[in-house]
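Enquirer: could you look at this predicted model? Sequence included:
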Amino acid sequence: MRIAVPKETAPGERRVAIVPETVKRLAAKKVETSVLAGAGALSFASDEEYKSHGARVDATLDAALADADAVVQIRPPTLDEVKRLKEGSTLVSLLYPLVSLDLVKALAARKVTSIAVDMIPRTTLAQMMDVLSSQATAAGYEAVLIAAQTLPRFFPMLMTAAGTIAPARVLILGAGVAGLQAIGTARRLGAVVEAFDVRKVVKEQVESLGAKFVDVDAEDAAGAGGYAKEQGEEAKRKQAAAIAEHAAKADVVICTALIPGRRAPTLLTADMVKAMKPGSVVVDLAAEQQGNCELTKPGEVTVQHGVTIVGYTDMPSRLCAHSSQMYSRNMEKLLLYVTKDGAWKLDPKDEIVAGSLITQGGEIVHPKVKELVQPKGAAATPAAGVAGA
């Protein structure tokens, strides 16, 4: 089989889905690679390097797609890009299908088999395919570097002839992969770090990195798949009070809390930002899902009440070389898991396949997504009816 790797078209996106080092390993398992010329240039992967590793470099996207069995990319395609995919081919990319229903319907209408890499279950077996974790690692690291650069104060404690400089205080909201990476990075830069999470199970991980866990007398919200579950109003009230208290003392707040398929929870209100010290910095890694900070403007940097709020939506792309390398390795493991001798083996009973397979044969096959597109009791709509979506 052959996969095509296009150039990412999202504004500001510098990553590439497959890097040259992956091409040779895929070829050894009968998976050949076509790359659009210049696809890896912004990630410092040249066409010559792809060729030296055995890839075919095509001058146009149409040439790359012509004989491709699958397209592997990072960002979800636009509806116009879906129309260029061959009927019966496979798309492997981030799709966010729980909130991108028009895209899902368009893929089904085009009879494209789609695998949403953001829906891969977070299990031990799937760890090496987990793109959300690999890209969150880059985002958490970059968030701290941006905060350190923006903050008009030192991060570490300094003993100088002009006196002692106190270390910066950093509050991390959410101790998932991005949050833990942010903790480790901030600690390496010498900051005093606190971290809050509704899942008490992460306390040990937070403390092992040298941070203080902000413990709240409320129910543990640990849910399935490592994510948090919904809490009662009393628990939310206690948590909001704790966040407000610690944010007021912080020089930097880094927000990392996300809920799959839903708007990011608001953890840092406008009043909390107003109570922060002038010159403080908020870096909101949830900006792409409207943000954990009430005042975040996705894609922008703003100053509110003397606090700089960073709402970049391209954090992993800012570390394009290593983010691409990690994503590519995730894709290698996934492709070799769902193929054998260059042929697909999409077993619907397999946990990884069942969790990430969204459309196949002109149908929406993922139960949760299907229910969102066509709730129970609703009249059926033929796939052909959404061909122009």
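Expert: Here it is on my side, so go on. Predicted model only: the values in this text are computed from it and were never measured.

Enquirer: low pLDDT regions in the stretch 101-250 of the chain?
Expert: For the stretch 101-250 of the chain, the stretches flagged by pLDDT under 70 are 218-231.

Enquirer: just read off the phi/psi values of the most centrally placed residue in the chain.
Expert: Centroid check for the chain by Cα atoms, centre = their mean gives L132 as the closest residue, at 4.5 Å. The phi/psi pair for L132 (degrees, to the nearest 10) reads phi -60, psi -40.

Enquirer: and it, how close does it get to V31?
Expert: 23 Å (Cβ to Cβ, to the nearest Å). Every residue, glycine included, has its C-beta placed from N, CA and C.

Enquirer: still on that earlier bit, wait, the residue nearest to the centre of the chain touches A116, no?
Expert: No. Here L132 does not reach A116: they are 10.9 Å apart, not a contact under Cβ atoms under 8 Å.

Enquirer: ok, the residue nearest to the centre of the chain - contacts?
Expert: Residues near L132 by Cβ atoms under 8 Å, 6 or more residues apart in numbering: 118, 120, 122, 177.

Enquirer: adding distance to A166 and secondary structure, write these out as JSON lines.
Expert: Listed next are the contacts of L132 as JSON lines, based on distance: Cβ to Cβ, whole Å; DSSP: H, G, I helix; E, B strand; the rest coil:
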{"residue": "D118", "distance to A166": "40", "secondary structure": "helix"}
{"residue": "I120", "distance to A166": "43", "secondary structure": "coil"}
{"residue": "R122", "distance to A166": "38", "secondary structure": "coil"}
{"residue": "V177", "distance to A166": "30", "secondary structure": "helix"}
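
Enquirer: among the residues you listed, who's most crowded?
Expert: When neighbours are counted by other Cβ atoms under 10 Å, I120 leads these with 23 neighbours.

Enquirer: thought I352 was touching that residue, still the case?
Expert: Yes. Between I120 and I352 there is a contact at 6.1 Å, judged by Cβ under 8 Å.

Enquirer: any idea how far the nearest residue to L101 once chain neighbours are set aside is from S46?
Expert: Spatially, and ignoring its direct neighbours in sequence, L101 is nearest to V373 (5.5 Å; Cβ to Cβ, 6 or more residues apart in numbering). V373 sits 42 Å away from S46, going by Cβ to Cβ.

Enquirer: of the two, who's got more company?
Expert: Between V373 and S46, counting by other Cβ under 10 Å, V373 is the more crowded of the two (18 against 14).

Enquirer: is that one in contact with K105, as I believe?
Expert: Yes. Contact status for V373 versus K105: in contact at 6.3 Å, counting by Cβ under 8 Å.

Enquirer: find residues that contact each of those two.
Expert: With Cβ under 8 Å, 6+ apart, V373 and K105 have common neighbours I364.

Enquirer: just confirm T302 is within a strand.
Expert: Yes. Checked against DSSP: H, G, I helix; E, B strand; the rest coil, T302 lies within a strand.

Enquirer: next, the nearest residue to it once chain neighbours are set aside: phi, psi?
Expert: Closest residue to T302 apart from its sequence neighbours, by Cβ to Cβ, 6+ apart: I309 at 5.2 Å. Dihedral pair for I309: phi -120, psi 120, per degrees, to the nearest 10.

Enquirer: no further questions, thank you.
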